[in-house]
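Chemist: Compute the structure for the input listed below.
(one chain, ligands or ions: 2)
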Amino acid sequence: MKAMVLEKYGSPLKLKEVPSPEPGEREILIKVSACGVCRTDLHIVDQELDGANLPLILGHQIVGKVEKLGRGANRFKVGERVGAPWLGNSCHTCEFCTSNRENLCDKPTFTGYTKNGGFAEYACVHEDYLLNIPDHYDDLHAAPLLCAGLIGYRALKLCEAKKSIGFYGFGSSAHLLIQVAINFGLDVYVFTRPGDEKKQKFALSMGAKWAGGSNQMPPILLDGTIIFAPTGDLYVSALKASKKGSKVISAGIHMSDIPSFPYSLLWGERSISSVANLTREDGKEFMEHVLKSPIECIISSFKLEDANEALDAIYKGSVDGSVVLTLQ
Ligand SMILES: [Zn+2]
Ligand SMILES: [Zn+2]
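Modeler: Ligands and ions are numbered 1, 2, ... in the order given. Next up is the predicted model:
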């Protein structure tokens, strides 16, 4: 099969012919038709995360059809459409798995990180971790739901904002989550890179109540904030923009160091936290939510062999919405 392979950290992915994977016990071989590109993929390429073994096929927002069933797999039929998210398996025995927190599993499998992912014509994923996708999304527009959408959804729930919420960064995840937040009855305040009027306009067009630079204060103090951009300084900005008792949640897997800040910013029961991975339950709940209250995915699509350009578009923030590889 054709695959874009990461052979060396910090260097472009290479188009290669590699053997198609064979589905193992209860695994499913997916014929990939679309795969979302995520900032996490950039963190892996840049070796900011240390869980990967090279060579590796990235990609953890896979949409495709079931091509072949591994031994014992019976949840899906050949030809059925499935979605594969970031969490590819969990151990079922650690203290986290046994307390409904498989997102924190000690021995997890992550698609496109600890195991080959979907920047390829075929990928294998354990059937229990696959998701059904609402029919009204075509494959390309469904792909960003699988990480940008559902890990963002987990962050939104953990944030517990009552009336207003701030988003720092307005990329793939934020453009989906603003729609969910508005469905939840929240007013959304969006912070972009200072001076990025194009992104601010995009945020306003998606229903933001206010948009400005991350160096600005919002017109009101916020009930909660989510940080989507991988910049530690933003925790300090977000705390300054936060009401007493509110939470600042980072939705990213990696960010630069958080600078020291005065305790008075945290005082008043403000708290800071991260969101890590997802549970199968999050995935199911999110898909049910978008079935009832559809949200629009705005995408730019790239061919598989143009995956490096796709990664670059995320790095530069040069496209609005989500970036998806197409194999159709
Ligand atoms: Zn992701
Ligand atoms: Zn576990």
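Chemist: show me the contacts for Ser33.
Modeler: Ser33 sits next to 63-65, 139, 326-328 when contact means C-beta atoms under 8 Å, 6 or more residues apart in numbering. From N, CA and C alone the C-beta is placed, and that goes for glycine too.
Chemist: same thing with Pro218?
Modeler: Taking C-beta under 8 Å, 6+ apart, we find Pro218 in contact with 166, 189, 191, 210, 212, 241.
Chemist: What is the neighbour count of the closest residue to the first one other than its chain neighbours?
Modeler: Leaving aside its chain neighbours, Gly166 sits nearest to Thr225 (3.8 Å; criterion: C-beta to C-beta, 6 or more residues apart in numbering). Taking other C-beta atoms under 10 Å as the criterion, the count of residues near Thr225 is 30.
Chemist: just the one 4 residues further on next, same as before
Modeler: The tally of other residues near Ala229 (other C-beta under 10 Å) stands at 24.
Chemist: Check the secondary structure at it for me.
Modeler: coil (DSSP: H, G, I helix; E, B strand; the rest coil).
Chemist: per the record, what domains does this structure have?
Modeler: According to automatic domain parsing, the chain comprises the domains 2-148+277-326, 150-274.
Chemist: Endpoints of the first one, how far apart?
Modeler: The first and last residues of domain 2-148+277-326 sit 13 Å apart, counting by C-alpha to C-alpha, to the nearest Å.
Chemist: what's the residue in the stretch 151-300 of the chain that ligand 1 sits nearest to in contact with, if anything?
Modeler: Going by C-beta to the ion, ligand 1 is nearest to Ile151 of the stretch 151-300 of the chain, at 6.4 Å. Contacts for Ile151 were tallied using C-beta under 8 Å, 6+ apart; they are 86, 173, 251, 275, 277-278, 282.
Chemist: try it again with 10 Å
Modeler: Neighbour list for Ile151: 38, 40, 60, 85-87, 103, 173, 177, 251-253, 275-278, 282-283, 286 [criterion: C-beta atoms under 10 Å, 6 or more residues apart in numbering].
Chemist: And Ser237, by the same measure?
Modeler: By C-beta under 10 Å, 6+ apart, the contact list for Ser237 reads 166, 168, 191, 213-217, 225, 227, 231, 248, 261, 265.
Chemist: picking up where we left off before, could you check how far the residue nearest to Gly166 is from ligand 2?
Modeler: Distance of Thr225 to ligand 2, given as C-beta to the ion, to the nearest Å: 30 Å.
Chemist: Check Leu204 too.
Modeler: 42 Å.
Chemist: With Lys240 instead?
Modeler: Relative to ligand 2, and taking C-beta to the ion, Lys240 is found at 37 Å.
Chemist: Which residue is the nearest non-sequential neighbour of that residue?
Modeler: Computed as C-beta to C-beta, 6+ apart, the closest residue to Lys240 that is not its neighbour in sequence is Leu265, at 6.3 Å.
Chemist: can you pull the pLDDT of the residue of the stretch 51-200 of the chain found nearest ligand 1?
Modeler: The minimum distance from the stretch 51-200 of the chain to ligand 1, using C-beta to the ion, falls at Cys147 (3.2 Å). You'll see Cys147 listed with a pLDDT of 96.
Chemist: contacting residues for it?
Modeler: Going by C-beta under 10 Å, 6+ apart, Cys147 touches 36-41, 59-61, 85-87, 111-112, 172-173, 277-278, 322.
Chemist: So which of those residues belong to helices?
Modeler: 39-41, 172-173 (DSSP state H).
Chemist: Would you reformat those as CSV and include pLDDT?
Modeler: CSV is the format used below for those (pLDDT from 0 to 100):
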residue, pLDDT
Arg39, 94
Thr40, 95
Asp41, 97
Ser172, 95
Ser173, 96
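Chemist: Which of those sits closest to ligand 2?
Modeler: Of the ones in helices among the contacts of Cys147, the one sitting nearest to ligand 2 (C-beta to the ion) turns out to be Thr40, at 20.1 Å.
Chemist: Got the phi and psi for Ile272?
Modeler: Phi and psi for Ile272, reported as degrees, to the nearest 10, are phi -120, psi 150.
Chemist: Please spell out which residues along stretch 126-135 are buried.
Modeler: Neighbour counts over stretch 126-135 (16 or more other C-beta atoms under 10 Å) mark 126-127, 129-133 as buried.
Chemist: repeat for stretch 49-59
Modeler: Residues 52, 56-59 are the ones in stretch 49-59 that count as buried (16+ other C-beta under 10 Å).
Chemist: same check, this time on stretch 93-111
Modeler: Neighbour-count burial for stretch 93-111 [16+ other C-beta under 10 Å]: 94, 96-97, 102-103, 105, 108-111.
Chemist: now stretch 70-79
Modeler: 70, 73, 76.
Chemist: Let me have those in CSV, extended by pLDDT, distance to ligand 2 and secondary structure.
Modeler: Shown next, in CSV, are those (pLDDT from 0 to 100; distance: C-beta to the ion, whole Å; DSSP: H, G, I helix; E, B strand; the rest coil):
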residue, pLDDT, distance to ligand 2, secondary structure
Gly70, 98, 21, coil
Ala73, 98, 21, coil
Phe76, 97, 24, coil
